[in-house]
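Enquirer: Sequence first, predicted model second:
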There are 4 protein chains.
Amino acid sequence: MKKPSSSNPMWGGHYSQGPAEIMAQINECLDTDKRLYAQDIEGSLAHAQMLGDCGILSAKDVKAIQKGLRQVLKEIENGTFVFKTELEDVHMNVENRLAELIGDAAGRLHTARSRNDQVAVDIRMWTRSAMDRMIAHLHDLQVALVAQAETHAATLMPGFTHLQPAQPITFGHHLLAYVEMFSRDASRFADARERLNECPLGAAALAGTSFPTNREQTAKALGFKGAMRNSLDAVSDRDFAMEFLATANITAIHLSRLAEEIVLWTSDAFRFVKLSQAFTTGSSIMPQKRNPDAAELIRAKSSAITGANIQLLTLMKGLPLAYNKDLQESKPPVIKAADELEMMLAAMVGMIHDMTANADTMRAATDRGFLTATDLADGLVRALGLPFRQAHHITGRIVVMAEEKACRLDELSLKDMQSVEPKLTKEIFEILKPESAVKSRTSLGGTAPKNVAAEVKRWKKKIGMQGA
Amino acid sequence: MKKPSSSNPMWGGHYSQGPAEIMAQINECLDTDKRLYAQDIEGSLAHAQMLGDCGILSAKDVKAIQKGLRQVLKEIENGTFVFKTELEDVHMNVENRLAELIGDAAGRLHTARSRNDQVAVDIRMWTRSAMDRMIAHLHDLQVALVAQAETHAATLMPGFTHLQPAQPITFGHHLLAYVEMFSRDASRFADARERLNECPLGAAALAGTSFPTNREQTAKALGFKGAMRNSLDAVSDRDFAMEFLATANITAIHLSRLAEEIVLWTSDAFRFVKLSQAFTTGSSIMPQKRNPDAAELIRAKSSAITGANIQLLTLMKGLPLAYNKDLQESKPPVIKAADELEMMLAAMVGMIHDMTANADTMRAATDRGFLTATDLADGLVRALGLPFRQAHHITGRIVVMAEEKACRLDELSLKDMQSVEPKLTKEIFEILKPESAVKSRTSLGGTAPKNVAAEVKRWKKKIGMQGA
Amino acid sequence: MKKPSSSNPMWGGHYSQGPAEIMAQINECLDTDKRLYAQDIEGSLAHAQMLGDCGILSAKDVKAIQKGLRQVLKEIENGTFVFKTELEDVHMNVENRLAELIGDAAGRLHTARSRNDQVAVDIRMWTRSAMDRMIAHLHDLQVALVAQAETHAATLMPGFTHLQPAQPITFGHHLLAYVEMFSRDASRFADARERLNECPLGAAALAGTSFPTNREQTAKALGFKGAMRNSLDAVSDRDFAMEFLATANITAIHLSRLAEEIVLWTSDAFRFVKLSQAFTTGSSIMPQKRNPDAAELIRAKSSAITGANIQLLTLMKGLPLAYNKDLQESKPPVIKAADELEMMLAAMVGMIHDMTANADTMRAATDRGFLTATDLADGLVRALGLPFRQAHHITGRIVVMAEEKACRLDELSLKDMQSVEPKLTKEIFEILKPESAVKSRTSLGGTAPKNVAAEVKRWKKKIGMQGA
Amino acid sequence: MKKPSSSNPMWGGHYSQGPAEIMAQINECLDTDKRLYAQDIEGSLAHAQMLGDCGILSAKDVKAIQKGLRQVLKEIENGTFVFKTELEDVHMNVENRLAELIGDAAGRLHTARSRNDQVAVDIRMWTRSAMDRMIAHLHDLQVALVAQAETHAATLMPGFTHLQPAQPITFGHHLLAYVEMFSRDASRFADARERLNECPLGAAALAGTSFPTNREQTAKALGFKGAMRNSLDAVSDRDFAMEFLATANITAIHLSRLAEEIVLWTSDAFRFVKLSQAFTTGSSIMPQKRNPDAAELIRAKSSAITGANIQLLTLMKGLPLAYNKDLQESKPPVIKAADELEMMLAAMVGMIHDMTANADTMRAATDRGFLTATDLADGLVRALGLPFRQAHHITGRIVVMAEEKACRLDELSLKDMQSVEPKLTKEIFEILKPESAVKSRTSLGGTAPKNVAAEVKRWKKKIGMQGA
């Protein structure tokens, strides 16, 4: 065999290590499992209490176990606990330390449960808590966006289709579109949390137990709305994790869209917004340069979440019931995606909070591109009662004229306009101003500043912002 | 340039076709768009009515438009309508035919809307309807599973972990695990439907309109709970489609797991169930052979849905607001996935309904593998008050003895058992029967037949089955 | 059960259709299979010839079969052949028609083969041909890019990092980067083709055959370099298809990057290039608008290929040997991805061929952003022998000065410069021109126009362009 | 804002940390970057040498830099080096320490390069080395499989289609199918390595440099076949990484198929093979139980590689040239996938090497399922000259008879057989034995033991095994 390169020391001479070592490496999951320590201990505390209350364990044992578990928790949180890889997972590490602390009683904690339902409840609680954190971050993001939208309820910018200027809108209106998206994302997490919130603990290995347990008690103690009704389902399904990842993925996609816009808006070509120094990196040699690193990283990290999402879906495909070792690999994508999404959200909150809009540059861009052509056509329909198609035709000819003269529509003379359509009067010029165009769009959901201001007010109330 | 092979006639000599032809081909979406005809016409009927009620169109125009649209609908449904690819999409095909039928008034229908909000409302309604169909199919599947579970509430089978026999369970219990999963899938579709159910129509191209429209009216007329509150969001987000695909994907994964089990159960090695001829294919030469084609295809098609899911997520990544042409490609994965999932669900309903369990074969398999070893250990804890670890040790020695004698645990003599643990009495033999083992697992969610029967009753009531 | 909506007529009242109908629908693959007709018949012609040459079939039978097959081919190609869905796939349709044409001899064609090796050779040949077409299109694309690069070997544009202007480059240099990428893509297809090019035909159902066949003969006749060496592998692996999709996916990603740049370059903010009308869509109302639809669709369609790629990978995961029905679903992603990629490539060739660069706008953008700051720093190192860090520091101060004066670096006076670094002389101004900056970058692979011209020459020779 | 849960200490009170801290966290990549230290230093050593040889650096500086870099390498490898997160990446950590060691000369190392080409060469060399390791592991796996195939060249087992017994094959033949697959996987890595093997170093930030460098020298020194020809391509493409992941993914899929078979084969229902204790986990309570954990983990980990693959493809989609910060996120999926695949391969090598086939159980399974029915039909064609369809029909009737009598085909009496087809003679019984069936399949690639033995011999020679 070709000697493996030394660049991965883990595998240097791996065959000399023998099969046991290879198995230990592929089987190891402690890096991920450590993250579940709080949930693991919380679940054991509740389980012990229930076993005691049901007369399965003695009160003395319960007391010893609970005291011991709290000691273990303390040791982990103050950093004195030593995780041993030979004990494979968080469950065995905690149980082992508990045995050191309290002796035989530790062994009784495992009555009427197994590692299968134990890991199921741990990862469920961890995911539930991750959902809560995401909802909190999404709230913060909405607050940041609404605050900017309030400032820019009337700030003009070009609205784009196909990245081509299309019609004038306000920057506040644009930002509120994202508030809508992130609001749906939060509601998606809330729905997923509600569906997840059933407790698998007590399903035992796969079939339930003959001990007279009270699963509803542990369920309530751990904040679940009730106990799962089928023991096989409880230990072998991970749809709550798939739903978390799906929801995280959609949120990440929304973030990637906003991040892409920030990259565009901060480019030299657009110059619509300026980010704070905190979220850009500069160059000692080009002090004017502000690379939008945070936005690029958010855009990039959305891919990590797509990867995690697809990883779990692929993992679960075609797995027969009940527990399979494959499920050990269901934890890393959940934890990885939660970490990434949390960073993305926090960075986006900071970026939006700190950013400054260049209203002048946006306004200048709004003057280019004949953005009020649609308004002109609509105006012809209304003022002259022309059929739509004919109004469009006239508008097209006027735009060509402006293009040839390299001027804005409202810089054409009335005479110029009348050479195309004699019935036009000077009232038409009012319509050609971007300000007028946005003001006129008062239909529900339209970009009129007063609409935007009303929406800002609605959102402030809804998300509990001050000054609502 | 190397001449392209003739096997794809579409591209034979494509460069002689010229750029216009290539553009026509890449731009074409009619195959997909045709599927939206009913939604497109329904949306236009409601829009016309609203324009009339708001005084934007005359009553006469509204009447003409609505009559014409109903005529177009009839022509499509009776197959006389000719879709023209040069008209690109369903909207233009319908509008064009409408113009042929009613003349100028057709042009007024497009007042205060654009293709951007029109396609958004079409695909939203189509997806909503697909969600309703999936919920209906999931209901059927639950009915089929519950019916089988009722029959097999006490039918013994080995419960597996790692595909290794672990503990005895009942077949009914196993099937009810899937009822739980599909119930969550249906609730996921229901949540997604609720979130989707806001109307984008009237957002116009991107910014709203200056016409005095009543978007709430069209929203209600089309069965939405209200109008979307931000015009940019309305035309450019597709999170409802991403959520549909995510939900379809989780459902498909659940189906793939059941399909995998059916493939295993019908294999010569297991022989747990027999499928009806309708869902297998045979061989003229091996009449005993029943290939579980439908199950294999369901397993395989779950991949098509994963593909569609990732396609849309990737498509949406980093798209700036508002409408981009990319969104045209958001429709095919939704429609493709809906078609596939619907077939998968219908086939699974049929397979489950028709399948016959081989109770004898399952029972025989339950006798292998010392499935009641856990019960023996638990019994030692309870009968002799032994600590768990010691009970496990004794059980291990008894199992080794049975393995060496190549007999079941309950075929060992009391004397044999007492040679390991002298205090054992003949009462232990009761525990060693798989029947006793399942009967004893009466904890909430456990596999005891009376639990299973109670769960069957609960489900029958919940999903409205007869005899509940 | 809730009545399914009428919008999908396929499933209206599907349960009244009965299981057989559902099975027929899920099992149907003719839409895809039709695409394989030419390969199917070609394979059968070679197989018949071999059976005859080996004495397994009579010369008379061989002649009848081959004549019949050619008749079937003709019928399919002239459109008179009627594919029957009840015959499921292309193989049975062809065989059935052959039997109608020549009677009993048709049945002998299937000697020493099965549908398993037949479909394997069909899809292999189809994929091989698709690879050839992609290589041809990639060649065309390189030609189009090199031609533009030749024209623009010295056309200045800003080079970007983080979408921020960084250093001046030439447009030709930028385009040649894509020539490199597409060249690697073509070489990837070539490698995949070579690896694919072994023949599975004759592996029979899974185990080979007892007939004295000559598999090398059919392999050569069908253009393969030899016969596959293991019958199980021959019928059950699809890695050639996975590799095709992986390769198509990387190509699609490269196309998406170029498409994204075209969307940016044609935006109002950049205006670097203008597309031909053929590849844009306009608006009757905004005649100046040219939406880059083809570029957006290419960007979007890359997602379809990612979806197809992941679909097949997921499909194949964990499939035991040998043939499983799942493999039927391996064909659609291959064919779908090939169709999409072919359109993407053809459209990109057309777009690049037709596009016009706005050299003036690019030049103007090059003047913004202090793009020669790096050159100034490098110049200080060389001219004054300053350490790098100190040179950077001085440059930074000069850039700040230019930023404050809102002028270009070369618009500062020598006096201004000397106020920062007294030793500076007027020679430094030469360095500050973008033209000088690009000219100076003569390192291998650098952007100097003479480098670009040399690379154009190299490529023209390599890809066989005229005037090389 | 809702207080985030305490379960993720990283984010507890993150907003109190301020934007700078959030940015530091999202920007951090040192965990990944550390892995590149060897490549980073190797690249710098070569770059310094070239700068010296080209007269850009003094011999003294070169000597100091190289001595310093070797010192840094030593410190990292003996664990005394302290990576500082505030220095962000491996490049800055190394450079910073170099400055501490040698002072000003350290700053001159960065002449004529940038972090953009530096990271590109680092990750390219790392990936190249990973490819070499995969090729080595694949070789080991082929050795293990061929050794088992040699032992079992004539060991009968049922060949499956649709997981239904179809025809008898040999276990050796089955294992050699995987040798073919892994051989193609290795050749895929070899092709990818060849394509990757061009050097980006010296492309500088994006445009090349004006220093008179010799890029071919550094390319050769670092083991590349030459320097990349376009500086923009050099710093911004990652197709070598995408190709690595695609290739790793196909390999992983092949591993997942073999893993799935091992899970099946070790199940109680099949009992075809027995794994060594090293690669299974037992249970103190069920000593007979051997959970195939390693096989399950391999199956599961294939999903991690699919996730990484899709992550990078999604990341790269639509990225404009040249360097974007997104590329920082291109490293983790490569490194993660390489680590996972390496473990999967090593574990599979060990499992295959250690596994024991249960020839008796396989043989018994071969007797079930009328596996020689095809041989009977073929025999009728040859012995009696019957047309294929008629032979099939007769076979079908005989199989039904055996099914009804619950006996094997060769346990039927001649009289029984003749009641279906009077012309049958006792010679037919020879054909009905599985041994005869496999022996007869001598076509190229067929399962005949002598074929298998010949293939074993061919492979032993090809992969350099002893005793070839």
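Expert: That came through fine. Residues are numbered from 1 along each chain as shown, chains lettered A, B, ... in the order given.

Enquirer: for A:Leu153, what are its contacts?
Expert: Residue A:153: Ala, not Leu. Shown in contact with A:Ala153 (Cβ atoms under 8 Å, 6 or more residues apart in numbering or on different chains): A:170, A:172-173, A:449, A:452-453, A:456. C-betas here are computed from N, CA, C, even on glycine.

Enquirer: Can you tell me which of those residues has the most neighbours?
Expert: A:His173 (33 neighbours; other Cβ atoms under 10 Å in any protein chain shown).

Enquirer: Are the host helix or strand of that one and chain B in contact anywhere?
Expert: Assessed by DSSP states H and E, A:His173 sits inside helix A:171-196. Yes: interface with chain B: helix A:171-196 contributes A:173-174, A:176-181, A:184-185, A:187-188, A:191, A:195 (Cβ under 8 Å from any Cβ of the partner chain).

Enquirer: gap between that helix and the chain center?
Expert: 9 Å (Cα atoms, centre = their mean, to the nearest Å).

Enquirer: which secondary structure elements does the helix or strand just after it contact?
Expert: For helix A:171-196, the following helix or strand on the C-terminal side (DSSP H and E) is strand A:198-199. In terms of contacts (3 or more Cβ pairs under 8 Å, 6 or more residues apart in numbering or on different chains; DSSP states H and E), strand A:198-199 is packed against helix A:215-221, strand A:226-227.

Enquirer: contacting residues for A:Ala46?
Expert: A:201, A:217-218, A:221-222.

Enquirer: So which of those wins on neighbours?
Expert: A:Leu201 (29 neighbours).

Enquirer: Find the nearest non-adjacent residue to that residue, please.
Expert: Spatially, and ignoring its direct neighbours in sequence, A:Leu201 is nearest to A:Val121 (4.2 Å; Cβ to Cβ, 6 or more residues apart in numbering or on different chains).

Enquirer: May I have the secondary structure class of the one you found?
Expert: helix (DSSP: H, G, I helix; E, B strand; the rest coil).

Enquirer: okay but it is in contact with A:Glu42, surely?
Expert: No: with contact defined as Cβ atoms under 8 Å, A:Val121 does not reach A:Glu42; the gap is 9.1 Å.

Enquirer: Tell me which stretches of chain A form strands.
Expert: Along chain A, counting by DSSP state E, strands occupy A:156-161, A:164-170, A:198-199, A:226-227, A:273-274, A:356-357.

Enquirer: tell me the mean pLDDT for the second one?
Expert: Read it as strand A:164-170. Regarding strand A:164-170, the rounded mean pLDDT is 95.

Enquirer: and that strand with chain C, contact?
Expert: Yes: Strand A:164-170 reaches chain C (Cβ under 8 Å from any Cβ) through A:164-166.

Enquirer: Can you name the residues that contact the residue of the stretch 151-300 of chain A found nearest chain B?
Expert: Of all residues in the stretch 151-300 of chain A, A:Gly208 sits closest to chain B, at 2.1 Å by Cβ to the nearest Cβ. Going by Cβ under 8 Å, 6+ apart, A:Gly208 touches A:202, A:231, B:441-448, B:451.

Enquirer: Can you give me the pLDDT of it?
Expert: 96.

Enquirer: check contacts around A:Ser187.
Expert: A:Ser187 makes contact with B:Arg195, according to Cβ under 8 Å, 6+ apart.
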